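J.: Could you look at this predicted model? Sequence included:
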Amino acid sequence: MKNRLLVVVALAALMSLVAGLACGQAEVELAQTPAAPEPTATHVPEPTATPESGPIAVPTDTSEAASSLTGDPVYEPVTLIDGAGQEFVFTEPPERIVAYDSAVVEILFAIGEGHRIIGTHDFVEFPAEASEVTRVGSAFEINVESILALEPDLVFLFSPGFMDDLQGAGLRVLFLPSRSSGFEDTAADIRLWGRIAGNPDAAEELALDFETRLAAVKSVLTSVDAGPRVFRDEGGLWTPGPDTLIGEVLELLKLDNIASDVSGFEQISPEVIVERDPEIIIATDFSTIDTDAAFASLTAIKDGRVFRMPGEPLSVPGTRFIQGIEDLARQIYPELFP
Amino acid sequence: MPGSVYGVVRRRVAVRLAVGAAAVLVIAVLAAGVGAVAIPLDDTVAIALDRLPGVSIDGDWPASGETILWKLRFPRIVMAGLVGGVLALSGAAFQGLFRNPLADPYLVGVASGAGLGAAVVFLTGSSLFAVGGGLLPIAAFAGALAAVAIAYLVARRSDGLPLTTLILAGVAVSALAGAVTSLLMIRSDPSLRPLLSWLLGGFSGARWNHAWLILPYVVPGAVVLLAYARVLNVMQLGDDHARAAGVNVERTKIVLLGVASLLTAAAVAFSGVIGFVGLVAPHVVRRIWGADHRFLLPMSALVGAGFLILADLGARTLASPAELPVGIITAFAGAPFFLFLLTRKAR
């Protein structure tokens, strides 16, 4: 009995942590050093090369671009406000980063600065080169001793949970909350990490690629007035509301999310699914909605429009996000995205 | 006439049980009228009656209403009632068997074993996972029975089964299974929401075929437990007195442990681990009507069934359109009531 309670308490704690990861709403304010010449991170996407029609722009090979940009002579100091409201200044690029965040690992590798990452958490699986990076804990626990042994000059965290421990151990810790909504700001994140790592040009190229491809998807979709009703099943009828990254993508794709009154991720009532009758279902591999007899009468099931799409990449606001958007757009509108 | 007083008592007990059963039925019918989607009462009645054999009603209700009621809400209420009844009945049997008021159906490891089985399937064979379908309930069922079997084999002695040792073994097995589950979860990707929902219990995935699948366990199991009511009464005097009264104490222990665990495992397999019902329902009955197991066992089952139907009603309507884990409701609603009951004088 007691043990069961302990397990339940532990699970509740776990769940609140998971919820915290998914729902951290704090906005990061990015301050600019007076001398810095570049535009601020609150950037209005105004792509320079918007394809008028046809195929979505081809991804740029950023690693090649990055290698041609080595030897940047001048490092512009970066000043920003961290997730705890403290000013944080970089006067030189961090050389030994423990990056506790999937998106940041993706971004740094993509701009050719992955060599700066010396540690990360267990769940980082992308890019392939990141598999060589030392693991120093899961997303729920952190091994302070093994981080200390790596002698990092920067520990980056996406949640404040381990901040005190790490700072107490004398480490330099930057905490910026993981992005749980506002996926378009991914371009700003890319630019920020480019400046921190001292490679703003490669970051600019990657950010522009993101913005250009996003604008391409948007421009194709201007011909769509109102898309079909959609239900996203993360498994067990858990579904994202409009205030999540994937909820925003559904909206971008002009899809009418039947869970428009859900906030964050919630387990939605099966009765509500039947009543709102989705025309499209986008399901993870955890979902069995298409084999459940109770849902056989849904339009999406009868029309055979159940698409499989894993939780990633649309839960990690990194370099794969735009690819995830394009893949989903092609699945749902094959005629518009040939 | 000998036995006339006894006859009166018996009749009173029968009347109480009949009233209890009627109350569960009324709760079920009322619960059927309420849901996350509002369906007019006349449609609800017509859709329900239309399904009765020999009855055909011409109605112009929307097809979605029929799907919601017949394929989602009705089986859900039936499952909540079955599981609530089973957990309360097993809880009452365990409390009687262990002569321990803290006993509940999960005492010997059923919950943690089921949780581990579910976690293993969920985290390794993700595509096989189903909300109340596929491999997950089988794994949970197997895990539950395996945990009890381990605790039993550890505690067993050549001259019998010491119950204190069994409880301790159950606690240890629970702790181990719980730790492995936590480890698996903490080592896996954080997309654990469906598993967490299962572990906290719920009837969102309840379907008719689940009820058909657990009935072959529930009906014979309940009959066996109810048949042991008189023996449980004698067992309250202690093993020696029970032996002197002609009870085969060791066989009784094994039968009750095995049957109650089997029932609980069947319930947990589909609904997940729902706390508090199995602990509280028997106490409520005991406090109000006394500890005679011939009444305690069936009445606990009825109280558990009604309580869990109501708790699930809360789970599916309070946060609509979202679902709440039913275990949170059972604790929120049950704990204060239980505390209130404890302040009253026990019968």
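T.: Looks like it arrived, so ask away. Numbers count the residues shown, from 1 in each chain, chains lettered A, B, ... in the order given.

J.: quick one: contacts for A:Val133?
T.: A:Val105, A:Ile117, A:Ile118, A:Gly119, A:Thr120, A:Val124 (CB atoms under 8 Å, 6 or more residues apart in numbering or on different chains). Heads up, the C-betas are built off the backbone N, CA and C, glycines and all.

J.: would JSON lines of those with pLDDT be doable?
T.: What follows is the contacts of A:Val133, written out as JSON lines (pLDDT from 0 to 100):
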{"residue": "A:Val105", "pLDDT": "93"}
{"residue": "A:Ile117", "pLDDT": "93"}
{"residue": "A:Ile118", "pLDDT": "91"}
{"residue": "A:Gly119", "pLDDT": "90"}
{"residue": "A:Thr120", "pLDDT": "90"}
{"residue": "A:Val124", "pLDDT": "83"}
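
J.: is it true that A:Ala293 touches B:Lys71?
T.: Yes: counting by CB atoms under 8 Å, B:Lys71 is a contact partner of A:Ala293 at 6.8 Å.

J.: Return every residue with contacts to both of these two.
T.: With CB under 8 Å, 6+ apart as the test, A:Ala293 and B:Lys71 both reach B:Arg207.

J.: Which of the two has more residues huddled nearby?
T.: Per other CB atoms under 10 Å in any protein chain shown, whichever of A:Ala293 and B:Lys71 has more neighbours is B:Lys71, with 21 against 12.

J.: Assumed the more buried one was part of a helix.
T.: Yes: counting by DSSP: H, G, I helix; E, B strand; the rest coil, B:Lys71 falls inside a helix.

J.: residues contacting it?
T.: A:Ala293, A:Ala294, B:Arg207, B:Trp208.

J.: Please apply the same query to B:Val285.
T.: Neighbours of B:Val285 in contact, by CB under 8 Å, 6+ apart: B:Ala92, B:Phe295, B:Leu296, B:Met299, B:Ser300, B:Val303.

J.: now for those, which pair is the farthest apart?
T.: Within the contacts of B:Val285, B:Phe295 and B:Val303 form the most distant pair, 11.5 Å apart (CB to CB).

J.: any low-confidence regions in the chain?
T.: Let's take chain A. Residues of chain A that meet the criterion pLDDT under 70 lie in A:1-73, A:139-140.

J.: try chain B instead
T.: In chain B, residues with pLDDT under 70: B:1-6, B:125-134, B:189-191, B:345-347.

J.: Which helix runs longest in it?
T.: helix B:4-32 (DSSP state H).

J.: If you count neighbours, what's buried in that helix?
T.: B:Val13, B:Gly20, B:Ala21, B:Val24, B:Ile27, B:Ala28, B:Ala31, B:Ala32 (16 or more other CB atoms under 10 Å in any protein chain shown).

J.: which one of the residues you listed is nearest A:Val78?
T.: The closest of these, once distances to A:Val78 are taken by CB to CB, is B:Ala31, at 59.2 Å.

J.: Skip the chain neighbours and tell me the closest residue to the residue in the stretch 51-200 of chain B that chain A sits nearest to.
T.: Closest to chain A within the stretch 51-200 of chain B is B:Pro194: 3.0 Å, counting by CB to the nearest CB. Closest residue to B:Pro194 in three dimensions, ignoring its sequence neighbours and counting by CB to CB, 6 or more residues apart in numbering or on different chains: A:Gly236, at 3.0 Å.

J.: I'd like the distance between that neighbour and A:Leu250.
T.: Per CB to CB, to the nearest Å, A:Gly236 is found 19 Å from A:Leu250.

J.: so A:Phe158 makes contact with A:Tyr100?
T.: Yes: counting by CB under 8 Å, A:Tyr100 is a contact partner of A:Phe158 at 6.1 Å.

J.: out of those two, which sits in the busier spot?
T.: When neighbours are counted by other CB under 10 Å, A:Tyr100 comes out ahead of the other of A:Phe158 and A:Tyr100, with 27 against 22.

J.: Pick out the residue nearest the middle of chain B.
T.: B:Leu87 (2.4 Å; CA atoms, centre = their mean).

J.: Now that residue. Nearest residue, chain neighbours left out?
T.: Here the residue nearest B:Leu87, using CB to CB, 6+ apart, is B:Gly278, at 3.9 Å.

J.: Surely the one you found is in a helix?
T.: Yes: read with three-state DSSP, B:Gly278 is one of the residues of a helix.

J.: I figured it was touching B:Val83, is that so?
T.: No: B:Gly278 is beyond contact range of B:Val83, at 10.0 Å (criterion: CB under 8 Å).

J.: shared neighbours of these two, anything?
T.: With CB under 8 Å, 6+ apart, B:Gly278 and B:Val83 have no common neighbours.

J.: Quick one: name the residues of the stretch 151-300 of chain A near chain B.
T.: A:234-238, A:259, A:261-262, A:265-272, A:274-275, A:277, A:284-286, A:288, A:291-294, A:297 (CB under 8 Å from any CB of the partner chain).

J.: Please enumerate the strands of the stretch 201-338 of chain A.
T.: According to DSSP state E, counting those that start in this stretch, the stretch 201-338 of chain A carries its strands in the segments A:229-233, A:238-240, A:256-257, A:265-267, A:280-283, A:306-308.

J.: Show me what the longest one is packed up against.
T.: Which is strand A:229-233. Where contact means 3 or more CB pairs under 8 Å, 6 or more residues apart in numbering or on different chains; DSSP states H and E, strand A:229-233 is packed against strand A:238-240, helix A:245-252, strand A:256-257, helix A:270-276, strand A:280-283.

J.: quick one: it to helix A:245-252, angle?
T.: 160 degrees (axes from the mean of the first three to the mean of the last three CA atoms, to 10 degrees).

J.: Paired strands for strand A:229-233, with orientation please.
T.: With DSSP bridges as the test, strand A:229-233 is paired with strand A:256-257 (parallel), strand A:280-283 (parallel).

J.: Out of those strands, which one sits most buried?
T.: Across these, averaging neighbours per residue (mean count of other CB atoms under 10 Å in any protein chain shown) puts strand A:280-283 on top, at a mean of 24.

J.: Can you tell me the SS state at B:Ala175?
T.: Going by three-state DSSP: B:Ala175 is helix.

J.: Find the closest residue to chain A in the stretch 201-347 of chain B.
T.: B:Ala322 (3.8 Å).

J.: returning to what we had before: so for A:Thr222, which of the strands of the stretch 201-338 of chain A sits nearest?
T.: Comparing the strands of the stretch 201-338 of chain A by CB to CB, strand A:256-257 comes nearest, at 17.0 Å.

J.: so what's B:Ala322 closest to, chain neighbours aside?
T.: A:Glu266 (3.8 Å).

J.: same question, A:Ser146
T.: A:Val136 (4.9 Å).

J.: For that neighbour, what are phi and psi?
T.: Taking degrees, to the nearest 10, you get phi -120, psi 30 for the backbone angles of A:Val136.

J.: and what of A:Glu95?
T.: phi -100, psi -30.

J.: doesn't A:Gly119 make contact with A:Thr134?
T.: Yes: applying CB under 8 Å as the test, A:Thr134 and A:Gly119 come out as touching, 4.8 Å apart.

J.: Which positions in the strand or helix carrying B:Ala144 come out as buried?
T.: Per DSSP states H and E: B:Ala144 is located in helix B:135-155. The neighbour-count check on helix B:135-155 (16+ other CB under 10 Å) flags B:135-137, B:139-152, B:155 as buried.

J.: In the stretch 151-300 of chain A, which residue sits nearest chain B?
T.: Closest point on the stretch 151-300 of chain A to chain B, by CB to the nearest CB, is A:Gly236, at 3.0 Å.

J.: and that residue, how many neighbours?
T.: Neighbours around A:Gly236, by other CB under 10 Å: 28.

J.: ditto for the one 5 residues further on
T.: The number of residues packed around A:Gly241, counting by other CB under 10 Å, is 20.

J.: Not counting sequence-adjacent ones, nearest residue to it?
T.: Distances taken as CB to CB, 6+ apart put A:Val262 closest to A:Gly241, at 3.6 Å, once the chain neighbours are dropped.

J.: what's the answer for B:Leu136, then?
T.: Nearest to B:Leu136 is B:Val121, by CB to CB, 6+ apart, at 5.1 Å.
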